[in-house]
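> sequence and predicted structure below; questions after.
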Amino acid sequence: MDKKAISKSIIGLLNDPEYKSKVLNETFKLCSEIVKDMEYNEDSTKTRVLNLLLLNAYRSFSSFITLLENNHFNDAFLLTRKIVEILIRIEYLSTTNTFDNYYRERSVEQAKMLHSLINSHPIKHVSQTALWRIRHNIIGECKSIYNDQQSGRFENTPKIEQMAEKAGMLVLYKKTYGALSKFVHSNMSIENFYLYKSDNKIHYFTEEVDNFNNGIVKGSIDDTLYCFYQIIAKYCSELNVFNERLEQFNNEFYLFVSMDLVTGRSKSNVDVGISLIKHLTGIDIEKEDDDLEHEVMFVDGDESALKVSWTKLEALVSQKENELENL
């Protein structure tokens, strides 16, 4: 079996525009069906948290597509980052089973907003807001959270990087979420994304340019689409809904479902092959020596490498230069 040839054929199909377009349309259609069937559940904090996260991802993905269609790629990257954050958050909440805590934290955020409103607007205007109407509920819940914190019964949701590490998604955090923060904050490090060279002169890209950093755009679409699918799959799994519909989608797009190089859970052609076998047969298999001989790594680095400071860049570059010379 020519494993390298198989890996190339898989990647070729996943990069085929017609296949990618079909995956995108059917993924969005799948989520639309789920959202339309969504019901408000007063008694389940878990359901309400998951409903909010899925709705947020659904609307953001819709806006992401609209921005791409209008060549607003750098703005689309902001929504990629948001969708990645939703996936990390939903995976963390599932891993730690802290949906109740996350739901209760809304009172702390509401308290901050109400405090800000009271200090910056006349009370006659603040009194017309929804937050003012539930002010006593907010205060009561904040006091309850404080007491639970003191007794060790309540733990705040950690920062996004800590959530990613806990959920096994540090690669996704470092590769996508962290990198795209530069677009959110308009850091000067992204200046090169707006420039191109023509006739020995430097020019700025405009909205009309169709091939705006084509490789980067393709990568962003891939990451966003896969993360959006993972959010849908996690929602269905946690609430035990739309199982047959999701299975139908998975069977039709088994390559897309199994090709996880985005979150870092798969790193090589062998990982993808094992994932495909498990998806198609339900059988878990281990890597063998023969597999390792033919393994091609698509995602570099482990957790320890991802935590090394950027100040060690010179040594890292030197190491990779040596690797290039030996290829």
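Everything's here; your move. Everything quoted here is computed from the prediction, not taken from an experiment. Numbering: from 1, shown residues only.

> is it true that Asp100 touches Thr47?
No. Assessed by CB atoms under 8 Å, Asp100 is found out of contact with Thr47, at 11.7 Å. The C-beta positions use only the backbone N, C-alpha and C, and glycine is treated the same way.

> residue closest to the middle of the protein?
Residue closest to the mean C-alpha point of the chain, counted by CA atoms, centre = their mean, is Val84 at 1.8 Å.

> distance of it relative to Gly282?
Relative to Gly282, Val84 is positioned 29 Å away (CB to CB, to the nearest Å).

> the residue nearest to the centre of the chain and Ser60: what is the separation?
According to CB to CB, Val84 and Ser60 sit 10 Å apart.

> got a pLDDT number for Asp260?
On the pLDDT scale, Asp260 is placed at 82.

> what are the phi and psi values at it?
Per-residue torsions, Asp260: phi -100, psi 90 (degrees, to the nearest 10).

> how near is it to Gln110?
37 Å.

> where does the prediction get shaky in the stretch 201-327 of the chain?
Scanning the stretch 201-327 of the chain for pLDDT under 70 picks out the ranges 206-217, 289, 291-292, 298-306, 310.

> let's go with 90 and repeat that
Residue ranges of the stretch 201-327 of the chain with pLDDT under 90: 203-223, 251-327.

> do the stretch 1-150 of the chain as well
Applying pLDDT under 90 to the stretch 1-150 of the chain flags the ranges 1-21, 67-78.

> at 50 instead, please
Along the stretch 1-150 of the chain, segments meeting pLDDT under 50 span 1-3.

> how about the strands in the stretch 51-200 of the chain?
195-198 (DSSP state E, counting those that start in this stretch).

> can you get me a residue count around the nearest residue to Cys227 once chain neighbours are set aside?
Residue nearest to Cys227 in three dimensions, not counting chain neighbours: Leu87, with 4.6 Å by CB to CB, 6 or more residues apart in numbering. Leu87 is flanked by 27 other residues according to other CB atoms under 10 Å.

> ok, now which ones touch the spatially closest residue to Thr224 that is not a sequence neighbour?
In space, and not counting its chain neighbours, Thr224 is closest to Thr80: 4.5 Å by CB to CB, 6+ apart. Going by CB atoms under 8 Å, 6 or more residues apart in numbering, Thr80 touches Phe64, Thr176, Leu180, Ser220, Asp223, Thr224, Cys227.

> same thing but 10 Å
60-61, 64, 176-177, 180, 183, 219-221, 223-225, 227-228 (CB atoms under 10 Å, 6 or more residues apart in numbering).

> repeat that for Thr224.
Counting by CB under 10 Å, 6+ apart, Thr224 touches 24, 57, 60-61, 64-65, 68, 76-77, 79-84, 176, 262.

> what does Leu53 give?
With CB under 10 Å, 6+ apart, Leu53 has these contacts: Glu85, Ile86, Leu87, Arg89, Ile90, Leu93, Tyr102, Ile231, Lys234, Tyr235.

> next one: Ile88
160-161, 163-167, 169-170, 172-173, 176-177, 227, 263.

> just the buried ones from these?
Among these, those buried by neighbour count (16 or more other CB atoms under 10 Å) are 160, 163-165, 167, 169-170, 172-173, 176-177, 227, 263.

> what's the nearest residue to Phe242 if we skip its chain neighbours?
Nearest non-adjacent residue to Phe242, counting by CB to CB, 6+ apart: Cys236, 4.8 Å away.

> is it true that that neighbour touches Asn243?
Yes. Contact criterion CB atoms under 10 Å: Cys236 and Asn243 qualify, at 6.4 Å.

> for the stretch 151-300 of the chain, just list every one of the helices.
Remark: helices assigned in the stretch 151-300 of the chain by DSSP state H, counting those that start in this stretch are 160-166, 170-172, 179-184, 214-239, 243-252, 254-258, 269-281, 289-293.

> between Val84 and Ser60, which contacts overlap?
In contact with both Val84 and Ser60: Thr224, Phe228, using CB under 10 Å, 6+ apart.

> now do Val272 against Pro122, distance only.
Per CB to CB, Val272 is found 60 Å from Pro122.

> what about these two, which has more around it?
In this view Val272 and Pro122 are compared by other CB under 10 Å, and Val272 has more residues nearby, 23 against 8.

> do you know how far that one is from Ala111?
Distance from Val272 to Ala111, by CB to CB: 47 Å.

> contact partners for Gln30?
Wrong residue type there; residue 30 is Leu, not Gln. Residues near Leu30 by CB under 10 Å, 6+ apart: Phe228, Tyr229, Ile232, Ala233, Cys236, Phe242, Arg245, Leu246, Gln248, Phe249, Phe253.
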